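**Student:** Build me a structure from this.
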Amino acid sequence: MYCDTVHSDEISRIIANFPNNKSPGLDGITPKLLKEISTDVIRPLTSIFNLSFTIGVVSDYLKQFKVLPLYTKGNRDNPGNYCSLTVDFLFLRLLFPCAAAWRNKDVYIDQFHY
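**Tutor:** Down below sits the predicted model:
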């Protein structure tokens, strides 16, 4: 096992903290829609995340990103006047806080050699 298991209440808390005004990811799901369907998807997401953490593999499907140029200022012909905008899957944004929390626990535990 690579990480501790995640509980549905943790995923529910992360979903509740997503801002509603964010744009959808590559999957076309907005945070507002995810909040509305959260009671129906919490259990499957918990199972998928726990399987991912148990075997240490994240689906290649979730690793897809789309990078778009975003104009910032000045001459539009100058590539230096653009920054990159990364679009990913909303479900991947759920996975990051869970993984970061466990990584921080592991660092804390490793610091004291438990």
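**Student:** Make sure I have this right: residue 26 is in a strand.
**Tutor:** No: Residue 26 is assigned coil when assessed by DSSP: H, G, I helix; E, B strand; the rest coil, not a strand.
**Student:** Could you list which residues are in contact with it?
**Tutor:** Going by C-beta atoms under 8 Å, 6 or more residues apart in numbering, residue 26 touches 64-66, 87-89. Just so you know, the C-beta spots here come from the backbone N, C-alpha and C atoms, and that holds for glycine as well.
**Student:** max-length helix in this structure?
**Tutor:** The residue-count maximum for a helix in the chain (DSSP state H) belongs to helix 31-55.
**Student:** Can you list the helices and strands that that one packs against?
**Tutor:** helix 8-17, helix 90-111 (3 or more C-beta pairs under 8 Å, 6 or more residues apart in numbering; DSSP states H and E).
**Student:** That one vs helix 8-17, what angle?
**Tutor:** Using axes from the mean of the first three to the mean of the last three C-alpha atoms, to 10 degrees, the inter-axis angle of helix 31-55 relative to helix 8-17 is 150 degrees.
**Student:** Please report how far the nearest residue to residue 63 once chain neighbours are set aside lies from residue 52.
**Tutor:** Distance criterion C-beta to C-beta, 6 or more residues apart in numbering; nearest residue to residue 63, sequence neighbours excluded, is residue 92 at 7.8 Å. Residue 92 sits 11 Å away from residue 52, taking C-beta to C-beta, to the nearest Å as the criterion.
**Student:** and for the two, which residues touch both?
**Tutor:** Joint contacts of residue 92 and residue 52 (C-beta under 8 Å, 6+ apart) are residue 58.
**Student:** Any stretches of this structure with poor pLDDT?
**Tutor:** 1-4, 96-114 (pLDDT under 70).
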